[in-house]
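# Next come a sequence and a model predicted from it.
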Amino acid sequence: MATQLLMPKATAVWLVDNTGLTFDQIAAFCSLHPLEVQGIADGDVAGGIKGVNPIQNDQLTKEEIEKAEADSAHRMVLSSPKTIVPVPKRRGPRYTPVSKRQEKPNAILWIVRNHPELKDAQIMRLVGTTKPTIESVRERSHWNASNQTPADPVTLGLCTQVELDMEVRKAAKDLPPEEARAEDSGLLTAEEAMATVPAKPIFDQGFLDPQPSVLGNDRNSEPEYDADSVFSGLTSTKNDDDA
């Protein structure tokens with residue numbers, strides 16, 4: 001059943017002829033102007049329209065009409081449908097207004113650059129284009145490739161952000177794990193890269209000075225000098241010069 005009133009003028013004709021509702025109540029229920037309802041009552045409007053009973057259409061109940069007749073301020077409410085008919089899915093290519101069709105190549109270029117994981121079929125659903133157009137934009141062989149600038153399809157109004165995110169999530173499921181992609185690309189992970197670096201002593205990196213007494217390395221050790229031996233050497237040298 002529909003969620004809006006069927007044949008509002010025909011329903012208004014029936015309500016005018018068979019109920020004691022006010023013109024304002026009928027106008028509010030049928031989405032008409034009160035003057036139009038008054039014209040129906042006077043016979044100036046909808047002269048050849050046959051009235052339709054909304055009770056038989058399950059769009060209004062008798063109790064609701066009686067409640068409205070007793071209270072002129074009450075506004076009748078459309079009855080909820082007994083069965084819910086699912087909305088048919090849209091089939092075929094997405095319709096794009098003429099004013100936005102020239103923006104499709106720019107949207108394709110943006111998707112190809114920012115989401116290369118998307119397949120052609122997904123781009124076709126988002127933008128409403130054809131596979132040859134996608135290939136020409138990707139290979140830069142489009143007739144207007146020199147004037148194309150990447151543009152977000154959501155900003156252009158070609159698709160919604162929800163639809164774009166849904167397609168990106170679908171494409172992400174088909175991608176290999178991070179480890180597999182790193183191996184395929186020949187790149188090493190951070191742990192593997194650190195393992196290939198040879199370990200060096202801390203003092204070789206300039207943080208600490210080597211201590212020969214502790215490490216047992218005498219390559220940088222210097223002989224220890226005594227003050228008496230130094231001065232005695234100077235004295236002997238002076239005596240040799242005087243002689």
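That came through, no problem. Numbers count the residues shown, from 1 in each chain.
# contacts, neighbours, all on C-alpha from now
Noted.
# Report the helix or strand with the lowest average pLDDT across the chain.
Ranked by mean pLDDT, DSSP states H and E, the weakest helix or strand in the chain is helix 178-185, scoring a mean of 46.
# how about the host helix or strand of residue 66: buried residues?
Using DSSP states H and E, residue 66 sits within helix 62-70. Residues 65, 68-69 are the ones in helix 62-70 that count as buried (16 or more other Cα atoms under 10 Å).
# Kindly report the same for stretch 41-49.
So stretch 41-49, judged by 16+ other Cα under 10 Å, has buried residues 41, 45-46.
# What of stretch 67-86?
Result for stretch 67-86 [16+ other Cα under 10 Å]: buried residues 68-69, 75-76, 78-79.
# CA atoms only for that stretch, dumped as CSV, please.
The C-alpha trace of stretch 67-86 is given here as CSV (Å, rounded to 0.1, in the frame of the first residue of the first chain):
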residue,chain,number,x,y,z
LYS,A,67,-13.3,11.4,16.1
ALA,A,68,-12.8,14.3,13.6
GLU,A,69,-16.5,15.0,13.3
ALA,A,70,-16.7,15.3,17.1
ASP,A,71,-13.8,17.6,17.3
SER,A,72,-13.3,20.2,14.6
ALA,A,73,-9.6,20.8,15.7
HIS,A,74,-8.7,17.2,15.2
ARG,A,75,-6.7,16.3,12.1
MET,A,76,-7.2,12.9,10.6
VAL,A,77,-4.1,10.7,10.2
LEU,A,78,-3.6,8.3,7.2
SER,A,79,-3.8,4.7,8.2
SER,A,80,-0.6,2.7,8.2
PRO,A,81,-0.3,0.2,5.4
LYS,A,82,-1.0,-3.4,6.2
THR,A,83,1.6,-4.7,3.9
ILE,A,84,4.9,-3.1,3.0
VAL,A,85,6.0,-3.4,-0.6
PRO,A,86,9.8,-3.2,-1.0
